[in-house]
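Q: Task: produce atomic coordinates for the following.
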Amino acid sequence: MSLRLQKFLADAGVASRRAAERLIAQGHVEVNGEPVRVLGSKVDPDRDTVRVDGKLVKPLRKLYIALHKPRGFLSTRSDELGRQPLADLLPSEWAHLHPVGRLDRDSEGLIFMTNDGDFTLKLTHPRFGVRKQYRAIVEGRVQPQMLRRFMEGIEHEGETLQAARARLVDANNSHSIVELELAEGKNREVRRLFETQNLIVARLQRTQIGPIRLAELPVGKWRALSSAEIKSLMTPAHAATAPKPARTSGAAPVEPSA
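A: Model (predicted):
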């Protein structure tokens with residue numbers, strides 16, 4: 001598969017895409033022993049040899065990890081205030097992986113970690129329509145009409161908050177259990193929806209992203225996504241089907257050839 005040279009360099013961790021363009025324009029990059037100065041030139045990572053200032057550039061292996069985020073962890077690689085980042089749950093050699101989207105500190109559940117920017121874009125940008133499912137335990141009784149409002153859309157702080165689907169699982173005078181599906185996932189959207197009804201979310205868990213379910217993955221553990229799962233996530237949402245999950249955490253993952 002051919003890639004633009006600047007993208008290849010960025011994916012390999014040499015520099016950002018813009019900085020890679022400068023390296024090419026300034027004559028620092030060779031492909032198969034020949035200097036390349038033309039932006040947009042393409043390379044085949046499996047066949048071509050790329051060097052920057054004489055140093056061989058190897059394609060960076062792409063990793064795709066499903067993680068069961070515990071409460072209290074930040075959806076970041078590091079934190080200058082000493083709070084626990086998701087990277088602490090992964091092997092140290094994977095410290096470069098970034099989270100795909102976010103779960104706030106008090107939320108838990110399924111989140112992906114990767115070093116593939118295209119994968120991240122396709123799972124987080126609203127135009128790709130990848131839906132996320134949540135299970136919320138709410139203080140107080142949730143009424144069915146509240147959920148209808150959620151699906152119709154509610155204006156809050158200059159944004160329209162809207163659930164693609166909302167289902168009341170159980171309710172009593174002290175707590176209610178609600179399942180929601182979101183198409184966009186704005187910042188703290190589930191919690192804000194309930195706040196508009198003067199209700200507080202006591203516990204929030206993301207149970208599914210696209211066709212991939214949290215299932216039996218233990219809290220704080222990870223597993224590698226299979227090639228079939230990655231392909232299903234990169235497929236338009238309307239065509240996605242759920243493949244069988246890969247083996248669960250602990251063992252070294254088998255990276256897909258992507």
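
Q: going forward, measure contacts and count neighbours with C-alpha atoms only.
A: Noted.

Q: Can I get stretch 211-220 in CSV? Just the C-alpha atoms.
A: Listed next in CSV are the C-alpha coordinates belonging to stretch 211-220 (Å, rounded to 0.1, in the frame of the first residue of the first chain):
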residue,chain,number,x,y,z
PRO,A,211,-19.7,-3.2,17.0
ILE,A,212,-17.2,-3.8,19.8
ARG,A,213,-18.6,-4.7,23.2
LEU,A,214,-16.9,-4.4,26.6
ALA,A,215,-18.2,-7.9,27.4
GLU,A,216,-16.2,-9.8,30.1
LEU,A,217,-13.1,-7.7,29.9
PRO,A,218,-12.1,-7.2,33.6
VAL,A,219,-11.7,-3.7,35.0
GLY,A,220,-8.2,-2.3,34.4
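
Q: And that stretch, what's buried?
A: By neighbour count on 16 or more other Cα atoms under 10 Å, the buried set for stretch 211-220 is 211-214, 217, 220.

Q: Which one of the residues you listed is nearest to residue 133?
A: Checking these against residue 133 by Cα to Cα gives residue 213 as the nearest, at 8.9 Å.

Q: isn't that closest one right up against residue 225?
A: No. Counting by Cα atoms under 8 Å, residue 213 does not reach residue 225; the two are 11.2 Å apart.

Q: can you give me the helices in the stretch 1-150 of the chain?
A: Secondary structure of the stretch 1-150 of the chain (DSSP state H, counting those that start in this stretch): helices at 5-11, 17-25, 117-124, 144-152.

Q: need the ones you listed in CSV with mean neighbour count and mean pLDDT, can you?
A: Listed next are the helices of the stretch 1-150 of the chain as CSV, based on neighbours: other Cα atoms under 10 Å; pLDDT from 0 to 100:
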stretch, mean neighbour count, mean pLDDT
helix 5-11, 23, 88
helix 17-25, 18, 93
helix 117-124, 16, 89
helix 144-152, 15, 96
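
Q: Next, format those helices as a markdown table and append distance to residue 171.
A: A markdown table is the format used below for the helices of the stretch 1-150 of the chain (distance: least, Cα to Cα, whole Å):
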| stretch | distance to residue 171 |
| --- | --- |
| helix 5-11 | 48 |
| helix 17-25 | 51 |
| helix 117-124 | 32 |
| helix 144-152 | 10 |
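
Q: closest one to residue 58 among these?
A: Each of those has some distance to residue 58 by Cα to Cα; the shortest is helix 5-11, at 9.0 Å.
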